[in-house]
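Student: Build me a model from this:
(2 chains)
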Amino acid sequence: MSQEAHTAKKRRIHASQLEPQPSFLEDLEQLQETNQATKVDDPSLLWERPTCDRLNAATDVLVFQQIEADEYMDAASHTPVVRFYGITEAGNSVICHVTGFLPYFYVPAPVGFKLENIPAFKTALEAAVEKGNSIVKIEWKLKESIYGYHGGDKIPFLKITLKDPRNIAAAKRAMERGISFAGFNDCTAQTYESNLAYLLRFMIDCHIKGANWIELPAGSYQNRNDSSSNAQINVQVNYEKIISHQPEGDWSKIAPLRILSFDIECAGRKGIFPEAKIDPVIQIASMVTVQGESKPFIRNVMVLNTCSHIVGTHTMSFDQEEKLLASWSDFVRKVDPDVVIGYNTANFDFPYLLDRAKHLGVLKFPFLGRLNDIRTEIKDTKFSSKAYGNRESKSINMEGRLQLDMLQVMQRDYKLRSYTLNSVCAEFLGEQKEDVHHSIITELQNGNEETRRRLAIYCLKDAYLPQRLMDKLMCLINYIEMARVTGVPFNYLLARGQQIKVVSQLFRKALEKDFVIPAVSSQGGEEQYEGATVIEPRRGYYDVPIATLDFASLYPSIMMAHNLCYTTLLTPGVIQKFNLVKDVDYVVTPNNDSFLMEKKRKGLLPIILTDLLDARKRAKSDLKKETDPFKRAVLDGRQLALKISANSVYGFTGATVGKLPCLQISSSVTAYGRVMIERTKQEVEATFTVENGYTHTAEVIYGDTDSVMVKFGVKTLEEAMELGRKAAELVTTKFEKPIKLEFEKVYFPYLLINKKRYAGLYWTRPDKYDKMDTKGIETVRRDNCRLVQSVIDTCLRKILIDRDVTGAQEYTKQIIADLLQNKVDMAQLVITKQLSKTDYANKQAHVELAERMKQRDAGSAPALGDRVAYVIIKGGKGTAAYDKSEDPLWVLENNIPIDTRYYLDNQLSKPLLRIFEPILGEKAESLLAGDHTRTIQVSTPSVGGLMKFAVRTATCLGCKTPLKKGESAVCANCKERAPELYQKQQNIVNGLEVRFSRLWTQCQRCQGSLHQEVLCTSKDCPIFYMRKKVQKEIQDSTATLDRFNNPLFIKNFNPSHADLKYHYIAHTSCDIMEERAAMKAQDMYLGVLFSMEDLSVYGYMTNTKIKFITVLTVPDVIIKDTDMKNIFRRIHAAYVNHASNPFYEIDSEKMIKSKKFEQEIEAIGRGRALEGGNRNSLPATAP
Amino acid sequence: MLEARLQTGALLKKVLEAIKELITDANFDCSDNGIALQAMDNSHVALVALLLRHDGFEPYRCDRSLALGVNLVSLSKVLRCAGNDDIITLKADDTADVLSLTFENTDNDRISEYELKLMDIDSEHLGIPDTTYEAVVQMSSAEFARICKDLQVLSDSVQIDVTKEGVKFGAKGELGSGAVTLKQNGNVDKEEEATLIELQQNVSLNFSLKYLVNFTKATPLASRVSLSMSSEVPLLVEYKMEAGYIRYYLAPKIGEDN
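Tutor: Okay, here's the model as predicted:
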């Protein structure tokens, strides 16, 4: 059981219904309007912060919210200084240097150590540290170790205070190695509190929490007159003078932080991901918002080369990239943002800008922080945590500015299928954005000012979306509240794991209660303890209400109820020594560990938990009263942070690679949990029986960790809810306070598949169900394809909501049939998996694919940490599954057959059987085989070993037999069916065309312009796959249609048109010609058939029904009919010449390949071309 | 209406053994010429072309061309119920969705009837155009099978060199290398074992042994096999039967990868 189980209960915020979206340009326009008041001629005048008068240190009080802190060594005094960066309520920037606080740690005084031994000890330790005069003082303190109960007596500790935090580690090692002094030989000791970072030590001792308000009374501080920083207020203060306000009541406000959201575009080369050494940065879009305001007040884009004006946006053009970069860094320093956000800025945008500036020699660029002399640099970091997984990333230092890379936030806090900005926005904002492939960006940049404007709008949107995401998900507020609740600096929340938060709280509480905490060196013991219990499920489909009883905050409440803590842990020796009596002084947990009772001493952890849960209760009740939306957001963020913190305490004690593991606590917690679940089951089943006067005997059908599902046997929801409430009350009385069993919901109907796998309709009120709830079923898992998710979801809906099992079966069969016939959308078949490390022991599909993609195109290949999207393609017999993975786009482009069997057997079958077996029993298997699986489609790829040699033999469209010479569409047997089949094919083409138009328009809407071509290649967008697939299908089915009326010869004189276009025209013309010919049977020349766009089409039909078509671009001069007739006659003559060749089979439907004929047509065409017309002639035969 | 009666049922069983490793589902194209099957393996590296000419059946009747979509695994399961000496009759209606098979045992007058559900397979009909090959080697099919099996121990690909003196099969792998050379000989005594080479030009080509071993599943069908090769053109391995043939095409290995 890891911490993950608790943190995994993540909040899901979903976009409300997809509404028709106004284009982003309209958004910009609205922003312009709402900001009328601040409209100025030069938008760059808005950049700077509000002005601020110089403080009078003697009379002015300085109050500010600190947002970040760091430490440095003062060169003169060789002592550490803490530097706080903050904002006043008026929006002025503050840097506050705090001096005087020195680091320290404890060691227990060796046995026989006397006060007078201190000087000798100090000398010996100083020698061992080897850093000269490093120890300031050593004091004699009475303290108690937090670990275990020792009768409540304090023992002597030596508090060693040092000058330089960096020497603590050396001193610690020296103590552990052992030092000798005045009669003490090789005296070793475990150190206490030596593994706490200086900054955190300082914040804990000064009661400063993350992102809280700090007050410097008048007269306590001095103004500093150095130029090291560009902050408006720069002061110095001694640490004892600081007043730290706890973030409650009025002090829970948030300063008007400036938030910069930005995005860059670079012009890469085809097929290669942009490299900073070569590819230029061409655009940087920035949006600046003040925290608490809804719209950005600065919107600008810096563009290399010219760019047309964009409404509501300050557009700046630069002729040199160096100037652009320099201006942007000036802009950042002027705007002086407190928070910098973006999407993937930490791993892409910032490193790219810094590398590029270095390459171009823009010297003043890399100074983006608040300190003038500190260069912003890129460092590689590796982050690994049990809860969040391993990630490689880059860290960029920007002193005084918080960085919130929304990509990292998303990856930490939400479990999604894909983390591209596009899919994240689709998920949370209900909006798609166009995804322009990086190779197209260069083309847009190299176009004109209009194409650059288009790119700029795209770039602006990418800069605005992170801001909107942050507002919607309230990340900033939630993180600030988390920092305040746990007391860690803001940037720890993103850069560090879960443990540091508990550490911070534990140390704070220990300081308050006079405990010291041992510095345990973490050994990676793989000790496993028993986790939560699961009551064996009674599988099946329940068509009666199932009541669910839950323990509220189970693990925290167990720790509180039984006083489980480091400070109350007893060893048998201690029990004997103090003559403790079982069940009077202490309890023995079901795990056979002993803990002191609360009346003897209340544990530290229970105190922390009580505080957290009480604070949560307060926050929740405040939330109910609060009406201001902004304050509500803060309170909601707080109660969430409190809940998460309370739950993470248990995990902390169980983390074997941790700061202070105590498996006795964590295993006792789970042991209590197991006992309680069993007890609940017994109580419920013993009480609610027919013997006791109830109509049915209750039955616990399932239970897991903190909940039990009870079948009371009653038929109606009302009765079940009533009994559920009664049972919860009854069972609660059997346990220690504050353990509480709550009745929460009823499932009706309920499908119990297995342990941790169930589905049901969720009711909290008898009149209307709340939702359909599923656990552990493929609807939520991410490691399979969307098809599984949607099939299972639809089936469950049909079964649970509509109560239509037959409908669900029919639906399943239809989907399987579609799958085998390749009719299922490709987007449904894509599987994504995260590439978290490259050296997997076993070969895995996504790893292998990433490797292959790297060989194909290193630029677009997925990197470590990315999610890899793939589909499974057909392979030879015995090919391992990992070798059958392929990039969906590659599959689409090359028509590679998908292994539909794999999807049926390995993806769909198990989940389907799981949900249908409890209902249908043995019959469930029939869903997977049967008549609906007997129609399959096998596509022919355009790549593959033999494909370049193979030729296709046309098969009859009616009966699929291979066609003989001279047959093009149908075989002799199906000849009568030809019109019917033609009609069918025509309908298919028409249908596809309509579909394609719709999809195209959809994409145009999404990109916000109906006049421009769609550029988007978003791999997350289902529409994209559909559009690509339909495009392909139109080509194929038009080619099939061609076979009914196949052209004998096509000559295209206009290289700018695709040949395929003339196939379409020829088809359209054939019908018109038949009509015309029926009317004027005399003349072979049929005149203009029709005109479309810039083309006009002329027709001519011979007596043998050979049709000629000439397409002309609409000419400048009017073409006389006699001229056209002449042309046709010449074509006709050429054809007759050709047909007279004794080796030519007149009936053949093959394309004419005669060189002579081609030359003649060429000559006719060229002749015309001299007169200024473009032409394409297309003789075609009638069937 | 298709009706085809095969005197030696073992033939059909052997044919199926020869193709079912490569192909899972395929259309049997029945016409008045006979029964044909042409399909690529799943990885599109090899192609199988099978023809059972009408004169191999007695009687044979096919009124109109039919494409019978068959799952080969299912068919071979059904054929397992037929004895080697059974007479097999295949029947299908023009619009049938089943293929009926009748196995007659003349010795003990046992007649068994089976019906196999057909599939509707929508796939393109692919073929390799006929070409003139630079080198054609005719040899004993058993010898070819043995060479492939032996060399597979060493490597997964084989290099075939044909000169006018003879043909050399060579393989190099982790544990060593090996080569088998067959000299051109017109051994009149044992015509079956003679190695005959028709050569326009020397060739040297690389092929996947995995596939070649699969092809040799057809060895029971013919005592002779012919290998036709040209550089940068698929290899043709042909087993000629009394009335028909089974041909395998295999794409050459280019460089070290496939």
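Student: so how far is the longest helix anywhere in chain A off the chain centroid?
Tutor: The residue-count maximum for a helix in chain A (DSSP state H) belongs to helix A:978-1007. Taking the mean C-alpha point of helix A:978-1007 and that of its whole chain, the gap between them comes to 34 Å (CA atoms, centre = their mean, to the nearest Å).
Student: name the helices or strands packed onto that helix?
Tutor: Where contact means 3 or more CB pairs under 8 Å, 6 or more residues apart in numbering or on different chains; DSSP states H and E, helix A:978-1007 is packed against helix A:1022-1042. Where C-beta positions appear, they are placed from N, C-alpha and C, glycine not excepted.
Student: would you list every one of the strands in the stretch 51-200 of chain B?
Tutor: Per DSSP state E, counting those that start in this stretch, the stretch 51-200 of chain B carries strands over the ranges B:60-62, B:66-71, B:87-92, B:98-105, B:110-117, B:120-123, B:125-127, B:135-140, B:157-162, B:166-173, B:176-183, B:196-199.
Student: now the angle between strand B:98-105 and the fifth one, please.
Tutor: Spelled out, it's strand B:110-117. Calculated by axes from the mean of the first three to the mean of the last three CA atoms, to 10 degrees, strand B:110-117 forms an angle of 160 degrees with strand B:98-105.
Student: mean confidence score for strand B:110-117?
Tutor: The average pLDDT within strand B:110-117 is 92.
Student: Using a markdown table, lay out the strands of the stretch 51-200 of chain B together with mean neighbour count.
Tutor: Rendered in a markdown table, the data for the strands of the stretch 51-200 of chain B read as follows (neighbours: other CB atoms under 10 Å in any protein chain shown):
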| stretch | mean neighbour count |
| --- | --- |
| strand B:60-62 | 18 |
| strand B:66-71 | 22 |
| strand B:87-92 | 20 |
| strand B:98-105 | 18 |
| strand B:110-117 | 14 |
| strand B:120-123 | 18 |
| strand B:125-127 | 19 |
| strand B:135-140 | 20 |
| strand B:157-162 | 20 |
| strand B:166-173 | 18 |
| strand B:176-183 | 14 |
| strand B:196-199 | 17 |
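Student: want to throw the ones you listed into CSV with distance to chain A?
Tutor: Converted to CSV, those look like this (distance: least, CB to the nearest CB, whole Å):
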stretch, distance to chain A
strand B:60-62, 10
strand B:66-71, 4
strand B:87-92, 12
strand B:98-105, 11
strand B:110-117, 6
strand B:120-123, 4
strand B:125-127, 4
strand B:135-140, 17
strand B:157-162, 13
strand B:166-173, 19
strand B:176-183, 24
strand B:196-199, 21
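Student: Of those, which is nearest residue A:259?
Tutor: strand B:120-123 (56.1 Å; CB to CB).
Student: Now do that closest one, average pLDDT.
Tutor: 84.
Student: re the thing from before, got the strands of the stretch 51-200 of chain B as TSV, with distance to residue A:399 columns?
Tutor: What follows is the strands of the stretch 51-200 of chain B, written out as TSV (distance: least, CB to CB, whole Å):
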stretch	distance to residue A:399
strand B:60-62	86
strand B:66-71	69
strand B:87-92	82
strand B:98-105	79
strand B:110-117	74
strand B:120-123	65
strand B:125-127	66
strand B:135-140	75
strand B:157-162	61
strand B:166-173	60
strand B:176-183	64
strand B:196-199	79
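Student: To what extent is residue B:2 buried, counted in neighbours?
Tutor: In terms of burial, residue B:2 registers 23 neighbours under the definition other CB atoms under 10 Å in any protein chain shown.
Student: Quick check: bridge partners of it?
Tutor: residue B:62, residue B:92 (DSSP bridges).
Student: contacting residues for it?
Tutor: For residue B:2, the residues meeting the contact criterion (CB atoms under 8 Å, 6 or more residues apart in numbering or on different chains) are B:30, B:61, B:62, B:63, B:66, B:68, B:90, B:91, B:92.
Student: Ok, residue B:213 next?
Tutor: By CB under 8 Å, 6+ apart, the neighbours of residue B:213 are B:148, B:149, B:152.
Student: change it to 6 Å
Tutor: Listed by CB atoms under 6 Å, 6 or more residues apart in numbering or on different chains, the contact partners of residue B:213 are B:148, B:152.
Student: what do you get for residue A:697?
Tutor: Listed by CB under 6 Å, 6+ apart, the contact set of residue A:697 reads A:689, A:690.
Student: Tell me how far it lies from residue A:750.
Tutor: 18 Å (CB to CB, to the nearest Å).
Student: ok, now residue A:1041?
Tutor: The separation that residue A:1041 has from residue A:750, given CB to CB, amounts to 53 Å.
Student: neighbour-wise, which of the two wins?
Tutor: Residue environment comparison for residue A:1041 versus residue A:750 gives the larger neighbour count to residue A:750, 25 against 20, counting by other CB under 10 Å.
Student: Beta-bridge partners for that one, please?
Tutor: According to DSSP bridges, the partner residues bridging residue A:750 are residue A:542, residue A:760.
Student: That one is in contact with residue A:544, isn't it?
Tutor: No - the pair formed by residue A:750 and residue A:544 falls short of the contact definition of CB atoms under 6 Å, at 8.3 Å.
Student: partners of the helix or strand containing residue B:236 in the sheet?
Tutor: Taking DSSP states H and E as the criterion, the element that holds residue B:236 is strand B:235-241. The strands beside strand B:235-241 in its sheet (DSSP bridges) come out as strand B:224-229 (antiparallel), strand B:244-250 (antiparallel).
Student: export these to CSV and tack on mean pLDDT?
Tutor: Output for those, formatted as CSV (pLDDT from 0 to 100):
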stretch, mean pLDDT
strand B:224-229, 94
strand B:244-250, 93
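Student: Determine which of those strands approaches residue A:930 most closely.
Tutor: Of all the strands paired with strand B:235-241, it is strand B:244-250 that lies closest to residue A:930, at 32.4 Å by CB to CB.
Student: what's next to the closest one, contact-wise?
Tutor: Outside of strand B:244-250, the residues within contact range by CB under 6 Å, 6+ apart are B:18, B:46-53, B:56, B:128, B:207, B:211, B:215, B:218, B:234-239.
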